[in-house]
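>>> Sequence first, then the predicted structure:
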Amino acid sequence: MPRLPASLPACLPSSSPPPPQYVASLADALHYCHSKHVIHRDIKPENLLLGYRGEVKISDFGWSVHAPSSRRTTLCGTLDYLPPEMIENKDHDHTVDIWALGVLAYELCVGKPPFEAEGHSETYRRIVRVDLAFPSHVSEEARDFISRLLRKEPRARMPLDRVRAHPWVVRHAEAAVVAGMAALSVAGGAAAAASGAGEGGSGSSSAAAAPVTSAAAAALGGRAYEPL
């Protein structure tokens with residue numbers, strides 16, 4: 001099973017799902033871990049695996065901790081993905097993984113971590129200040145999504161169970177389903193045509209698959225998105 005490459009997104013194949021699908025898949029996995037009181041504490045591309053259908057699987061639980069009732073104090077993880085509270089030697093909880101999800105989302109969109117700097121000290125300063133800047137090609141929806149995760153105050157970070165309701169994720173999920181349904185429609189129509197031809201051409205086009213509508217894909221949005 002392949003790992004996400006350390007250099008993103010240039011190393012991903014052209015057929016890969018868009019960044020929001022990777023991020024949503026990882027959010028689901030982290031939400032499950034947190035429901036079991038497990039904090040990973042080292043989310044980064046090198047610790048993520050890709051399944052056959054592009055789903056993200058978490059690996060390397062070396063820094064993880066089972067913390068059902070207490071906050072942690074250990075400074076651990078990877079420099080570019082460290083949250084402000086760790087750098088400032090404050091207690092931390094599961095929201096460090098939410099911060100890391102925001103860093104990963106940025107790296108998937110831009111190709112490098114958001115607080116990358118010449119040396120460790122400057123990187124630390126940028127993280128603590130949440131010195132976040134976006135290139136012009138990053139969409140407003142992506143900026144809003146990432147900014148909701150990269151908040152200095154841990155409790156202000158967007159909960160993982162709201163990730164799939166964000167417009168940036170919903171829009172790409174709908175597009176993926178529409179494309180998949182269109183492919184099925186084409187395949188169904190081709191199969192019906194082939195069947196008709198095999199019966200001497202007497203088949204009719206009524207067996208072709210129904211057209212794809214955006215309404216079917218729109219159902220994926222689930223609950224309404226509530227701005228934070």
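Received, thanks. Given the structure is predicted, the values throughout are model-derived calculations rather than measurements.

>>> CA only for contacts and neighbour counts going forward, please
OK.

>>> Can you pull the poorly scored residue ranges out of this structure?
Counting by pLDDT under 70, the ranges of the chain that qualify are 1-17, 69-77, 174-228.

>>> where do the helices sit along it?
Counting by DSSP state H, the chain has helices at residues 19-35, 84-87, 95-110, 120-129, 140-149, 167-198, 214-218.

>>> care to break this protein down by domain?
19-163, 171-221 (automatic domain parsing).

>>> So which of those is the most surrounded?
Using mean count of other CA atoms under 10 Å, the stretch among these with the largest mean neighbour count is domain 19-163, at a mean of 18.

>>> For that domain, measure first residue to last.
Length of domain 19-163, first residue to last, CA to CA, to the nearest Å: 13 Å.

>>> before we move on, what about stretch 26-42?
The stretch stretch 26-42 measures 13 Å between its terminal residues, going by CA to CA.

>>> Residues touching that stretch, excluding its own?
With CA atoms under 8 Å, 6 or more residues apart in numbering as the test, stretch 26-42 has contacts from 56-58, 61, 63-68, 76-78, 81, 93-94, 96-97, 100-101, 160-161, 163.

>>> do stretch 123-141 as well
In contact with stretch 123-141 (CA under 8 Å, 6+ apart) are residues 79-80, 82-85, 87-88, 109-110, 114-117, 143, 150-152, 167-168.

>>> switch the cut-off to 7 Å
Here stretch 123-141 makes contact (CA atoms under 7 Å, 6 or more residues apart in numbering) with Pro83, Pro84, Ile87, Cys109, Pro114, Phe115, Glu116, Ala117, Lys152, Pro167, Trp168.

>>> Check the residues you listed and tell me the two furthest apart.
Within those, Ile87 and Pro167 form the most distant pair, 31.4 Å apart (CA to CA).

>>> Next, work out how far apart the residue nearest to Val163 when sequence neighbours are not counted and Glu141 are.
Of all residues not flanking Val163 in the chain, Ala24 sits nearest, at 6.4 Å (CA to CA, 6 or more residues apart in numbering). Here Ala24 is placed at a distance of 14 Å from Glu141 (CA to CA).

>>> What of Glu118?
On the measure of CA to CA, Glu118 and Glu141 end up 29 Å apart.

>>> likewise Gly62?
Taken as CA to CA, the span from Gly62 to Glu141 is 34 Å.

>>> Same check on Ala117?
25 Å.

>>> do the same with Ala165
Ala165 is 12 Å from Glu141, by CA to CA.

>>> Kindly report the same for Leu79.
According to CA to CA, Leu79 stands 27 Å off from Glu141.

>>> what's the answer for Met158, then?
Counting by CA to CA, the gap from Met158 to Glu141 is 14 Å.

>>> cool, and Lys112?
For Lys112, the distance to Glu141 - CA to CA - is 19 Å.
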